[in-house]
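Visitor: Sequence unavailable; structure follows:
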């Protein structure tokens, strides 16, 4: 929003305040002033009269002039093509400081030059407000300009300063100069007097004008015929205010339509009366045609665009721009005024699609005050009467209604102070509401505020509290610390487990990865251990980023494929991240191994990234986070044989619950992911977090001798080694004391000459007591007890 010092001065006395002070006060009240600038700049200027002008003898484009500046006649060399004798001009004397630099006396190609004849562009005037002639040459002043006057900028009305105010989305009302003046007056605590224009459009002789709307986009439409007007130059004050707002002056009638929009915040459009046949205007949609607007550009209208029509033909793009075929010309003798309300969403969509942002469309997009339509009509008629000799005025016609309902909001001083933590008095609060024109009424301890129609942002008590504090000053808020419980600066249990997990996996040689949370439909469909009902983005940035992932492994496989494609074979990565679905979010852990996990060629040392390595990593991790090995089991994978190799994978169970999958990738899935022979796993981290962890117990290392015994036997291939170890530990007691310290399988043989249904397993069992050295007979007794148990349960056949 641009508003100038002169404009504000029309409504209140601000002579004792600098523009910087006003900007600071406005910013403190919640409106950010982005810039403060002058309409023009220049010192040591004077109005001069060109007495003589002739071509420079040593140049093909310069001119030598003699300029009367009141007190003397000075020689000036000028390069402007339009300089001529008899003109009144703006002269910058030696020592003048302009936006382009300082003016000095000098000699140009042998001719003395004691100053510069200026164009408005050289004085820093916004080029958007200048005509092409003004940009190309010096500014020619009227014949009655006071020669010798040392304030040419004041004479032209360019001695103004402008505030560029950034409005918050809820304060679209301040796009009206009248409303911004009321707001500024309330902030500065100064009385504001606005022009009295109410009911200026009332009455008029009977009319044949008919207005209507055939679209929901336009619920309210007003029209009025002005039978007779005079096209002429706009008054000086109007041109100055338009210039300060960045609007170029055209003629009095067009300028009035612009000034009313700037004053009231409501766009309106004037049509040449003779161009509107049968005096009929209807708002419609459903068009699919090209249309040339006022800017001379042809736009393609689509069925969803609202269009102003006459006899079924477009005469304007509703809420955005009028048409070239009904614009105001110098020959226009009568007007039809259009003033309407349009749906802000529809206007925004049309404006965006056409890439056509006008002052009108911007105001409609942000929202219009319900009563501004009538206000704009009244103000326009008042100015047309005063500055365009408006006559033969007909009565106003209207379609629909503004739908306005007066609003009151009630609060108490206790509510307000309680919300803000302040001790404002009743009188202070009521004074704020009076300054804002809320017409407060006291009813006991209640304050009843009658909200003006333009303050559509005021909805409840909280809004009233905001108005009070921003006008009385945020520095009135007491400095207090927030009341909250004291907490220890430490990680919570889940954060500790997450950090511990990352430390364990990186210590094993895996790299921590962060991959995209958004995935393609293909990766969504290939979720491993995925949760149901994935979430699809309503407006995805691309097909590759359409879904919120429910599984991490497909993303990690991309990391492996990328590295393999760049000849990096040893890729061992993990990721601990959240996955989400409509039912909520949970945390998953996934890792992928390929090549070697660890290797040292010098020592001929290599840890292959195979199933058993991955299983060992999982077991180490589970043990370190407190999940006892006896709670963990590996079951034949029946859950997912589409992504995992059916004979080289397993389900990870903790207790009776499946918490993850581990194994080699399925060859078919490996082809689709451009990987090969990778080992992968995905685990429900949250499920493990909920498992009751074993407490760590410390015992001294036994100082007594240990005894090792090996056993080798033949057993059915279908018997898992884990069941054998469990049975051995179960039967390793001597007088209720378990003396087995470790059981290790060191050989499995499944080839000929053994039958295909059996395998040979060799184990080493370590015996040790806590308080004494075991005797051979004691070890033999327990060993025999173990063999008997294995023979009974698994029908083993000892090998010798």
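Guide: Structure's in. What do you need? Nothing here was measured: the structure is a model prediction, and the numbers come from that model.
Visitor: Please look at residue 304 and residue 285 and confirm they touch.
Guide: Yes - assessed by CB atoms under 8 Å, residue 304 is found in contact with residue 285 at 6.4 Å. Where C-beta positions appear, they are placed from N, C-alpha and C, glycine not excepted.
Visitor: neighbour-wise, which of those two wins?
Guide: In this view residue 304 and residue 285 are compared by other CB atoms under 10 Å, and residue 285 has more residues nearby, 21 against 14.
Visitor: Next one, pLDDT for the nearest residue to that one once chain neighbours are set aside please.
Guide: Nearest residue to residue 285 in three dimensions, chain neighbours excluded: residue 215, at 4.4 Å (CB to CB, 6 or more residues apart in numbering). Note on residue 215: pLDDT of 94.
Visitor: hang on, isn't residue 215 packed against residue 304?
Guide: No - here residue 215 does not reach residue 304: they are 9.6 Å apart, not a contact under CB under 8 Å.
Visitor: Identify the contacts common to those two.
Guide: residue 285 (CB atoms under 8 Å, 6 or more residues apart in numbering).
Visitor: Burial check on residue 784, number of neighbours?
Guide: Neighbour tally, residue 784, other CB under 10 Å: 10.
Visitor: So it: helix, strand or coil?
Guide: Three-state call for residue 784 (DSSP: H, G, I helix; E, B strand; the rest coil): helix.
Visitor: tell me which residues in stretch 397-417 are buried?
Guide: Residues 397, 398, 399, 402, 409, 411, 412, 413, 415, 416, 417 are the ones in stretch 397-417 that count as buried (16 or more other CB atoms under 10 Å).
Visitor: re the thing from before, could you report the neighbour count for the residue nearest to residue 285?
Guide: Applying other CB under 10 Å, I find that residue 215 has 19 neighbouring residues.
Visitor: Name the SS class of it, please.
Guide: coil.
Visitor: ok, it - contacts?
Guide: Residue 215 touches 283, 284, 285, 306, counting by CB under 8 Å, 6+ apart.
Visitor: Format the residues you listed as JSON lines; extra columns: distance to residue 41.
Guide: Formatted as JSON lines, the contacts of residue 215 follow (distance: CB to CB, whole Å):
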{"residue": "283", "distance to residue 41": "46"}
{"residue": "284", "distance to residue 41": "49"}
{"residue": "285", "distance to residue 41": "48"}
{"residue": "306", "distance to residue 41": "43"}
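Visitor: can you tell me which of these are in strands?
Guide: When DSSP state E defines the strands, the subset of the contacts of residue 215 inside them is 283, 284.
Visitor: Check the residue nearest the centre of the chain and give its pLDDT.
Guide: With distances taken as CA atoms, centre = their mean, residue 169 lies nearest the centre of the chain, 13.2 Å away. With respect to pLDDT, residue 169 scores 87.
Visitor: What of residue 800?
Guide: Listed pLDDT for residue 800 reads 69.
Visitor: Check residue 734 too.
Guide: Note on residue 734: pLDDT of 86.
Visitor: and it, how many neighbours?
Guide: 16.
Visitor: list the contacts for the spatially closest residue to it that is not a sequence neighbour?
Guide: In this structure, residue 734 finds its nearest non-sequential neighbour in residue 782, 5.3 Å apart by CB to CB, 6+ apart. Neighbour list for residue 782: 731, 732, 733, 734, 739, 740, 767 [criterion: CB under 8 Å, 6+ apart].
Visitor: Just put these in CSV and tack on secondary structure and distance to residue 561.
Guide: Shown next, in CSV, are the contacts of residue 782 (DSSP: H, G, I helix; E, B strand; the rest coil; distance: CB to CB, whole Å):
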residue, secondary structure, distance to residue 561
731, coil, 49
732, coil, 48
733, strand, 52
734, strand, 55
739, coil, 51
740, strand, 46
767, strand, 50
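Visitor: So which residues of the stretch 301-450 of the chain form helices?
Guide: 344-354, 359-366, 372-387, 413-420, 426-435 (DSSP state H, counting those that start in this stretch).
Visitor: and the residue nearest to the centre of the chain, which of the three is it?
Guide: Following three-state DSSP, residue 169 is assigned to coil.
Visitor: Could you check how many residues crowd around the closest residue to it other than its chain neighbours?
Guide: What sits nearest to residue 169 in space, not counting adjacent residues and going by CB to CB, 6+ apart, is residue 366, at 7.4 Å. By other CB under 10 Å, 17 other residues sit near residue 366.
Visitor: hang on, residue 366 packs against residue 171?
Guide: No - here residue 366 lies out of contact with residue 171, judged by CB under 8 Å, at a distance of 9.1 Å.
Visitor: what stretches of the protein score poorly on pLDDT?
Guide: Applying pLDDT under 70 to the chain flags the ranges 800.
Visitor: Any buried residues in stretch 200-219, and which?
Guide: Buried positions in stretch 200-219, judged by neighbour count with 16+ other CB under 10 Å: 200, 201, 204, 207, 209, 211, 212, 213, 215, 217, 218, 219.
Visitor: same question, stretch 279-297
Guide: Residues of stretch 279-297 classed as buried: 279, 280, 281, 282, 283, 284, 285, 287, 291, 293, 294 (neighbour count, 16+ other CB under 10 Å).
Visitor: Could you single out the nearest of the contacts of residue 215 to residue 647?
Guide: Proximity of the contacts of residue 215 to residue 647 (CB to CB) peaks at residue 285, which lies at 65.8 Å.
Visitor: buried sites along stretch 688-697?
Guide: Buried, per 16+ other CB under 10 Å, within stretch 688-697: 688, 691.
Visitor: got the contact list for it?
Guide: So stretch 688-697 is contacted by 493-494, 497, 587, 622, 625-628, 631, 654-655, 659 (CB under 8 Å, 6+ apart).
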